[in-house]
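> 3D, please:
(one chain, ligands or ions: 1)
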Amino acid sequence: MTLQPRLSLLAAASLLAAAPTWGATLFTLPAPTAALETNTSVPASFSAGAGAGVVSFTLAGYATLDGDNFFIDILHVRLNGTEILSGTWDLGGGGVNRVLVDPNGATINSVGSQQLGISIPVNLVAGSNQLVFSYESPNSFEGTDRAGLQGLGDEGWGLNAVNVSGVAPVPEPAPGALLLAGLAVQGWRARRR
Ligand SMILES: [Ca+2]
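Here you go, the predicted model:
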């Protein structure tokens, strides 16, 4: 083997290991959640490469989950401690639909009775990412008293089809690959003498 093909092979191997994989599925919820009480949260942790991604999910309302009325209930979605969506929707209990925090321009569509399909563009960090979904039933909101927690006998929320896609995490080089690369360099040095 001449020197040139050997180096090309090494270059190709290192490029293959470092090339980002766009649109990789980084997290899925294994099954729909049960109906959850408000004032609860659902965390999700996953690894990613740095770059653009998408968080999508179906939000389900059970019984009389409210939008903005006296009994208001508010969805919060946070990624790595930053709120990426907050809003309140009439998912069975009446009230006004309102998006409260939406820095990334989420897409929100009705996808069935008491169900919203939500898709949020995000920026993921390299390594571990933490996504937290929560619903809150505040005692007061925008300066006026509200009903607060009403309990599962009255209303609930749930998640289905949670999916996070983005850049796949860059794997550490396998020890075997490092050993082969080392041997190739040794061989190259030996030939130069
Ligand atoms: Ca409520």
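> wait, doesn't Ala48 sit right on Ala168?
Yes - using Cβ atoms under 8 Å, Ala48 is in contact with Ala168, at 7.5 Å. From N, CA and C alone the C-beta is placed, and that goes for glycine too.
> Give the intersection of the neighbour lists for the two.
By Cβ atoms under 8 Å, 6 or more residues apart in numbering, Ala48 and Ala168 have these common neighbours: Leu26.
> So which of these two has more stuff around it?
Ala48 (24 against 18; other Cβ atoms under 10 Å).
> can you list the residues of this protein near the ion?
Within the chain, the residues that sit near the ion (Cβ under 5 Å from the ion) are Asp66, Phe71, Asp73, Gln150.
> ok, the first one - contacts?
Under the criterion of Cβ under 8 Å, 6+ apart, the contact partners of Asp66 comprise Ile72, Asp73, Thr88, Asp90, Leu91, Gly92, Gly93, Gly94, Gly95, Glu155.
> For the residues you listed, work out which two are farthest apart.
Using Cβ to Cβ, the pair of the contacts of Asp66 lying farthest apart is Ile72 and Gly92, separated by 13.5 Å.
> Between these two, tell me which one has more neighbours.
For Ile72 versus Gly92, neighbours defined as other Cβ under 10 Å are more numerous around Ile72 (23 against 18).
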